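Engineer: predicted model, plus sequence, below.
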Amino acid sequence: MLLAVDTSAGTSVAVVDREAGILAEHSSDDTRRHAEVVGDLIVACLADAGIAVSELSGVVAGMGPGPFTGLRVGIAAARAFAVGAGKIVVPVVSHDAVAFGQDGLFVVATDARRGEVYWSAYDGPDAVRTRGPELVKAGELELAVPAGHRIIRAATVSAGSLGMLAETLYATGRPFAADEPLYLRSPDVTLSAGPKRVTS
C-alpha cells in the first residue's frame, strides 16, 4: 500500500493498494492553503482506509510541474512523512497521473498562473510521455501542441491516480521519475549577488 501526495494543482492525498485500488482520497481545490490542509488530509485518508502507518510500503510524491510554493509543500510533506515512518519516497510526474488511463494522442495541460500553462504530450493508455513537461503562454498552447493531439485541461491532479500509476510502474518494471521537482520556472525570490550595503 502507498500513501500518495500531490500539491501541483490544489492538494490531494490518497491511500492506494495495487490489488484493491484507491482505498481513500481527500482533496482541496484551494491553491493557496497547501501547508494548512495537507496534514489533515493525510490523517483523514489513513483513518478512512483503516490502516496503520506501518502497513504502508512507501510514499508517492507528485513532482509537478507546478508553481514553486505549492509544489514544494507536497514534496516536503511526502518526504517528511516517509522519514518519520521509515518508508521510501517514490517520485512520479503529476501530469503522468492525469494521463494515466487515457487513450490515443493527447496533451495534459495545467495552470501555471501568470497567464501560462504547463503541458505534456502522451501516446496511449500507459501514460507514456512523448514530450514535456513544458511551459508556454496560455494563448499559445494550441500552437505548441503536436498535430493530432487533443487537449485535456486538468484543474486538479488526483493523488489516487498518482498512487495507482506508481503501483503500475513498479509492477511493470518501468522507471519512476527523477527525484527533482519540476518547477520549470525560477522562484520569485532570489539571493542578492553580494552583501547588503548599509548606509547611515
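Structural biologist: Alright, I've got the coordinates.

Engineer: buried set for stretch 18-31?
Structural biologist: Ile22, Leu23, Ala24, Glu25, His26, Ser27, Ser28, Thr31 (16 or more other CB atoms under 10 Å). Every residue, glycine included, has its C-beta placed from N, CA and C.

Engineer: scratch that, stretch 119-136 is what I was asking about
Structural biologist: Trp119, Ser120, Ala121, Tyr122, Asp123, Asp126, Ala127, Arg129, Gly132, Pro133, Leu135, Val136.

Engineer: isn't Gly39 up against Ala78?
Structural biologist: No. Counting by CB atoms under 8 Å, Gly39 does not reach Ala78; the two are 11.8 Å apart.

Engineer: tell me which of these two has more neighbours.
Structural biologist: Ala78 (28 against 13; other CB atoms under 10 Å).

Engineer: look up how far Gly70 lies from that one.
Structural biologist: Per CB to CB, to the nearest Å, Ala78 is found 13 Å from Gly70.

Engineer: rewinding a little: farthest pair in the buried residues of stretch 18-31?
Structural biologist: Greatest spatial distance in the buried residues of stretch 18-31: Leu23 and Thr31, 25.9 Å, computed using CB to CB.

Engineer: in the buried residues of stretch 18-31, which has the lowest confidence score?
Structural biologist: Lowest pLDDT among the buried residues of stretch 18-31: Thr31, with 77.

Engineer: check contacts around that one.
Structural biologist: Taking CB atoms under 8 Å, 6 or more residues apart in numbering as the contact definition, Thr31 lies against Ala9, Gly10, Pro67, Gly70.

Engineer: can you do 10 Å?
Structural biologist: By CB atoms under 10 Å, 6 or more residues apart in numbering, the contact set of Thr31 is 7-11, 66-67, 69-70, 111, 113, 155-156.

Engineer: and it, what element?
Structural biologist: Using DSSP states H and E, Thr31 sits within no helix or strand.

Engineer: distance check, it against Ile152.
Structural biologist: For Thr31, the distance to Ile152 - CB to CB - is 19 Å.

Engineer: quick one: end-to-end distance for stretch 141-158.
Structural biologist: For stretch 141-158, the first and last residues are 23 Å from each other (CA to CA, to the nearest Å).

Engineer: how far does it sit from its chain's centre?
Structural biologist: Distance of stretch 141-158 from the chain centroid (CA atoms, centre = their mean, to the nearest Å) equals 17 Å.

Engineer: mean confidence score for that stretch?
Structural biologist: On average, stretch 141-158 scores 95.

Engineer: for the chain, which segments count as strands?
Structural biologist: Per DSSP state E, the chain carries strands over the ranges 2-6, 11-17, 21-28, 58-62, 88-92, 105-113, 116-123, 129-137, 150-153.

Engineer: any idea which of those strands gets closest to Gly173?
Structural biologist: Between Gly173 and the strands of the chain, the tightest spacing by CB to CB is seen for strand 88-92, at 13.9 Å.

Engineer: the closest one versus strand 58-62: what angle between them?
Structural biologist: Relative orientation of strand 88-92 versus strand 58-62 (axes from the mean of the first three to the mean of the last three CA atoms, to 10 degrees): 30 degrees.

Engineer: what's the overlap in contacts for Gly39 and Ala78?
Structural biologist: Joint contacts of Gly39 and Ala78 (CB under 10 Å, 6+ apart) are Val13.

Engineer: thanks again, I'm all set now.
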